[in-house]
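1. how would this look folded up:
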Amino acid sequence: MGRNGGDVTVESLTALGATHVFGIPGQHALGLFDAIRRSDLSFVSSRVENNSVFAADGYARTTGEVGVVFCSTGPGALTALGALQEAYAACVPILMITSQIPRDGLGGARKGYLHQLDDQQASARNVTKTTAVVRDAAAIPGVLADAWAAAQEAPAGPVWVEIPQDVLLEDVTVPPVAGLTAAVPVPRRPRPEVAAEAARLLAAAQRPVILAGGGVRRSAGAPQALVALAAALDAPVISTSGGNGSIPLAHPLSAGAWIEDRYTTDLLDDADVLLAVGTSFGEVTSNYGTFAPRGRVIQVDAEARVLGSNHDVLGIHADAAAALTDLAAALPGAGEPGPRRSGTRVAQDLRTRVQARLDAQDLAAEQRLLADLRAAVPDDTDTFWDMTIAAYWAWSAWDPRSGGFHTAQASGGLGPAFPSAIGAAVGTGRRTFAVTGDGGAMYSIAELATARQHDAEVTWLVIDDGGYGILREYMTGAFGAATATELARPDFVRLAEAFGIPVHAATPDTVGEIVAGTFTTSGPAVVVLPTVLRMFAPT
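-> Numbers count the residues shown, from 1 in each chain. The predicted structure is shown next:
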C-alpha cells in the first residue's frame, strides 16, 4: 500500500527525535495508529485520555524530551484537557496530536459527523501554548517541527495539533520525511542593564533572601547557578513547593521549603532585597495572600505575564539559569557589599523554629511516615505526589536529594501521580514512586492495566483514609463539619491482585520496609496503607 498522512506524521516525529507515543486509538485517528505499526516508535496504551497526557507529562519531566500524545476527536480530545492544564501550569513540553473530522466538516458546519465539535481547537486554547490545524499532508512536517520547538521554548508547555481524518488516510506524494529538525530554543538572557541594576541592589543588600520557584528546577543548570549565587551573596534560600529541590535541603544556606509557615513568610517580608526566581508569588507561595514585602523585590521569570503580576518588582524577563549566571557575573563590579548578616545562621534559625512549631503539635505519625518513606526510597528516585495530605506534607518536608520531585500542585487536580509515574518509568527505565490518596486513586485506577501491560517499574502507594482527606479537613475547619467527602471505595488489595500486580497491605509500622522491598523487584507494585493523616496547623 502507499504512504498516507499518518505515515508522514510518524516519520516527522521520528525525525524530530521522538521515541515514545502515549494515547488511545479512536475512529478518526486510526491512520495515526496504523502508521505506528510501520515505525520504530514505541506506543504506550493508556485507558483514559487524561491519563495518557499525565503519562506523557511524567515522561517529559524525567527524560527532558517532549512527551507525545495521540488522541481521537471530540470526547477523547476533551477528556485530555484536565491533564493539559497541569502541563500548562507546570510548563511541561507536550505535543498533543489529535485527529479531526474530515475537512469538509470543519468550521462549524453541521455535517453530523461522529465526535463533531463546533470548534475543537477553541477548547484547547485555554490549556496550551499554541494550536494548529493541518489541512494538507504536505504541511505536516513543518507544522510539527514548529510545534516541537514551541513546546520546548521557555516557558515550556503543551502544544496542540489537529489533523483531519481524511488528511491522515489519503495517499500522499510527499517524499519520506528525513532530516527534519526543529529550531533549538535559545535561553532568554536578561538585558545587561537590568542585570546590572539587579546586581547593584543585591550587592548593597544587608538582608538578601532568595526565593526559588519551580522555574529554577525546570531550567537546565539553574539549581547549580542558584547555589553559586546564594554563596556569593551569603543569602538564605527558601524554596516554594514547586521549587523544592532547587537547592539541596541539607545545604547550609537552605532555609527549607515550608512556604506556608508564618516564620518563612516573615523572613521573606523582612528582606531588604528579595530575589524571586521562577515563581509568580501565587496562592500557596504567598501564604494565601499574607506575604507583604517591605524591601525591593527582583523577579526573574521566562513568562512575561508573571512579572509584576502580584507585587511591584524589578522584573527580569529571562530563563532562570541565564539570569542567575549573569547576576553572579555582574556582582563583582556592582559595588562594595555593605554589612551583611550570616545567611547560614538565618537559614538554620528558620529551620529550627519551623521544626519546633511542628513538634509542638500532635504530628508524630505524619512526620514518621515521611521519614520512613524517605529512608525507603533510593536517593535518585523520581517521586510523584498526588493532591493528598501526604503530598501536602511532602511539598515542604520531602527531601528530593538527587531524585526528581514532581507534584500536581501547579493546577491542583486529582489523579496525576500514578499515570505520570508510569510514563516516567517507561521513559527512564528506572523504578519510580507514586503516592496517592484513595480519592485520587480512583481517577487513575484503570492505569493498573497500563502498568501491567507495559510492565512498568513503578511502586504505587495508596493511602486509604476513606475519603477526600484534605477536603474533609478544610471543610471541618471552615464549617465545623464535612459534606460529601466520605467515599465508598474498592478493596485496593484485591483489585490490584485482579490485574496480576504484586500488592502489599501495610501499616504505619511496616510501610517503610514494604516500600523499600518493592525497589528490589521488577515490574509494577502496589502498597496500600489504611491510615488517617492530619495536616499541620495553619499559620
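2. residues near V186, how many?
-> 10 (other CB atoms under 10 Å). In this view, the C-beta of every residue, glycine as well, is placed from N, C-alpha and C.
3. do A15 as well
-> 19.
4. for the nearest residue to it once chain neighbours are set aside, helix, strand, or coil?
-> Once flanking residues are discounted, A15 sits nearest to L180: 3.7 Å by CB to CB, 6 or more residues apart in numbering. For L180, the assignment made with DSSP: H, G, I helix; E, B strand; the rest coil gives coil.
5. Next up, the contacts around L180.
-> For L180, the contacting residues are S12, A15, L16, P141, L144, A145, by CB atoms under 8 Å, 6 or more residues apart in numbering.
6. most neighbours, which of these?
-> Most surrounded of those: other CB under 10 Å gives L144, at 29 neighbours.
7. Where does it fall, secondary structure wise?
-> In this structure, L144 sits in helix 140-152 according to DSSP states H and E.
8. I'd like to know which elements the helix of greatest length in the chain is packed against.
-> Across the chain, the helix with the greatest residue count (assigned by DSSP state H) is helix 343-359. If you count contacts as 3 or more CB pairs under 8 Å, 6 or more residues apart in numbering; DSSP states H and E, helix 343-359 packs onto helix 262-270.
9. Please list the residues outside the helix it packs on that contact it.
-> 207, 209, 211, 236, 238, 255-256, 258-259, 274, 286-287, 290-295, 346, 350, 353-354, 357, 539.
10. Mind doing that once more with 10 Å?
-> Residues from elsewhere that reach helix 262-270, judged by CB atoms under 10 Å, 6 or more residues apart in numbering: 207, 209, 211, 236, 238-239, 255-259, 261, 274, 276, 281, 285-288, 290-295, 297, 346-347, 349-354, 356-357, 396, 538-539.
11. Which members of those residues occur in helices, if any?
-> Cross-referencing the contacts of helix 262-270 against helices under DSSP H gives V346, A347, D349, L350, R351, T352, R353, V354, A356, R357, S396.
12. quick check, nearest of the residues you listed to Q120?
-> Lowest distance from Q120 to those (CB to CB) belongs to S396, with 40.0 Å.
13. Would you confirm that the closest one contacts S239?
-> Yes. Between S396 and S239 a contact is recorded at 8.6 Å, counting by CB atoms under 10 Å.
14. which of the two has more neighbours?
-> Using other CB under 10 Å as the criterion, S396 and S239 rank with S239 on top: 32 against 22.
15. Contact partners for the more buried one?
-> 210-214, 216-217, 226, 245-247, 249, 254-259, 264, 279, 285, 395-396, 400, 405.
16. how about the nearest residue to it, chain neighbours excluded?
-> S239 sits nearest to A257 (CB to CB, 6+ apart), 4.0 Å away.
17. just for the chain, where's the confidence low?
-> Along the chain, segments meeting pLDDT under 70 span 1.
18. check contacts around the residue most central in space within it.
-> Computing the C-alpha centroid of the chain and ranking residues by CA atoms, centre = their mean puts A90 first, at 4.8 Å. Neighbouring residues of A90 by CB under 10 Å, 6+ apart: 57, 60-61, 155-158, 214, 218, 242, 406-411, 416.
19. which of the ones in helices among the contacts of helix 262-270 tops the neighbour count?
-> A347 (24 neighbours).
20. how far is whichever strand or helix holds E193 from where the chain is centred?
-> Here E193, judged by DSSP H and E, is contained in helix 192-204. Centroid separation for helix 192-204 versus its chain: 31 Å, with CA atoms, centre = their mean, to the nearest Å.
21. got it, and stretch 53-71?
-> How far stretch 53-71 lies from its chain's middle: 10 Å, per CA atoms, centre = their mean.
22. Pull up the distance across it, start to finish.
-> Start-to-end span of stretch 53-71 (CA to CA, to the nearest Å) is 9 Å.
23. Stretch 308-317 now?
-> End residues of stretch 308-317 are separated by 11 Å (CA to CA).
24. For A56, give me its contacts.
-> Applying CB under 10 Å, 6+ apart, the residues contacting A56 are 20-23, 44, 46, 65-70, 80, 83-84, 87, 92-96, 158, 419-420, 423, 426-427.
25. Is it within a helix or a strand, and which one?
-> helix 49-63.
26. Helix 140-152 and that helix, what's the angle between them?
-> Here helix 49-63 runs at an angle of 70 degrees relative to helix 140-152 (axes from the mean of the first three to the mean of the last three CA atoms, to 10 degrees).
27. Indicate each strand paired with the very next helix or strand once past helix 49-63 and its parallel or antiparallel sense.
-> Proceeding N to C from helix 49-63, the next assigned helix or strand is strand 67-71, under DSSP H and E. Neighbouring strands of strand 67-71 in its sheet, by DSSP bridges, are strand 20-23 (parallel), strand 94-100 (parallel).
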